[in-house]
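>>> okay, predicted coordinates and the sequence, questions at the end:
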Amino acid sequence: MLVLTIRTDKPEAEIGLYDGEAQLAYEVWPAHRQLAETIHKKITDMLTTQDKQLQDIAGIVCFQGPGSFTGLRIGLTVGNALAMGLGVPVVATQDQDWITEGIRMLLHGSNDFPVLPYYGADVHITQQKK
């Protein structure tokens, strides 16, 4: 089972490619405010380097949080969109061993679609400035 992992909760984004629990490739890059512009290219480049295509992905694991509001939103949206488009399961985990836990969940048939972020605190909405 080819699994794509996505972590976007901090300024350094991370993606990985696994064959079951065996890591094939992993990349960390300083995405900062360019995450939405770079994540798709990074995924495509990683698949190409491994001689794989999007259609080869059989499951997706996303880091659910806590973390950056915008970063989590982008990463989980990419995970959900790919899962829906490819017709594959997606799961989200929060722990330190998020990849291992997520892959095990996929191997046991879990599908959390759509995955939702966990921000680690209640939402605080400020008054609109006039």
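Good, I have the coordinates. What you are looking at is a predicted structure, and each value in this text was computed from that prediction instead of being measured.
>>> from the rest of the structure, what touches the host helix or strand of residue 102?
Using DSSP states H and E, residue 102 falls within helix 98-107. Residues outside helix 98-107 that contact it (C-beta atoms under 8 Å, 6 or more residues apart in numbering): 1, 3, 5, 7, 16, 18, 20-21, 58-59, 61-64, 89, 91-93, 95. Using the backbone N, CA and C atoms, a C-beta is placed for each residue, glycine as well.
>>> go with 6 Å
Contact with helix 98-107 is made by 3, 5, 21, 59, 61, 63, 89, 91, 93, 95, as judged by C-beta atoms under 6 Å, 6 or more residues apart in numbering.
>>> neighbours of residue 41, how many?
The number of residues packed around residue 41, counting by other C-beta atoms under 10 Å, is 9.
>>> then the one 5 residues further on?
One way to gauge burial is a neighbour count; for residue 46, by other C-beta under 10 Å, it gives 18.
>>> which other helices and strands contact the helix or strand harbouring it?
Per DSSP H and E: residue 46 is located in helix 35-49. The contact analysis (3 or more C-beta pairs under 6 Å, 6 or more residues apart in numbering; DSSP states H and E) places helix 35-49 against strand 12-19, helix 69-86.
>>> parallel or antiparallel, which strands does the first one pair with?
For strand 12-19, sheet partners with direction are given as strand 2-7 (antiparallel), strand 22-30 (antiparallel), following DSSP bridges.
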